[in-house]
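K.L.:
Test case, fold it:
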Amino acid sequence: MCEQHTTEYAYEPSGAQDSGPTRLCRPAEARRAVERAVAERCRATHTSCDPQALGDALLIASELTSNAILHGGGVTDFHVDVAGPCLCVSVSDRSDEVPVARPPVDPRGRFRVGGRGWPLVCRLARDVRVAGLPAGGKRITAVVALS
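P.N.:
So this is what the prediction gives:
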């Protein structure tokens, strides 16, 4: 996983201690955080970004945050870490349920709506880990090679 944290963007849910209602981390916010982290890495290392790697990272961030909102009770934590040639995206939610890939067709042979995001994440990431959290919920961390 990401061992050295050269750049980190964290989402802190508002709503902690009298600061108003909790605001979910939306997929668009996750994508912007990934873009900032990658741009900063490229500036700091004087390298260009592989457009396909960035696209993979953006899709992974969108899918993980969307799945947390749709299936996990909302995003409770979000981090983007850049370490050397890797970008790590971590999304935490309230659900203890581990994501599973469903067949694209039901038992009658009809195509299902949805269900393609988790397999995409698993295919595009170099490494994906799901960890339970002590207070409940889970954290999913996906590692994407940037070069």
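K.L.:
Cys122 against Arg129, yeah?
P.N.:
No - the pair formed by Cys122 and Arg129 falls short of the contact definition of Cβ atoms under 8 Å, at 11.1 Å. Bear in mind the C-beta positions are built from the backbone N, C-alpha and C, glycine included.
K.L.:
residue ranges of the helices in the protein, please?
P.N.:
Secondary structure of the chain (DSSP state H): helices at 27-45, 51-71, 117-124.
K.L.:
buried sites along the shortest one?
P.N.:
In this case it means helix 117-124. For helix 117-124, a neighbour-count test (16 or more other Cβ atoms under 10 Å) marks Gly117, Trp118, Val121, Leu124 as buried.
K.L.:
Low-confidence regions, this protein specifically.
P.N.:
Residues of the chain that meet the criterion pLDDT under 70 lie in 1-24.
K.L.:
give me that answer again for 80
P.N.:
1-24, 113-115 (pLDDT under 80).
K.L.:
ok, and the closest non-adjacent residue to Gly136?
P.N.:
Counting by Cβ to Cβ, 6 or more residues apart in numbering, Gly136 lies nearest to Asp96, which is 6.2 Å off, once chain neighbours are set aside.
K.L.:
Check Gly115 too.
P.N.:
The spatial neighbour of Gly115 that comes closest, neighbours along the chain excluded (Cβ to Cβ, 6+ apart), is Arg102 at 4.5 Å.
K.L.:
Pretty sure that neighbour sits against Phe111.
P.N.:
No - the pair Arg102 and Phe111 fails to qualify as a contact (Cβ under 8 Å) at a distance of 11.4 Å.
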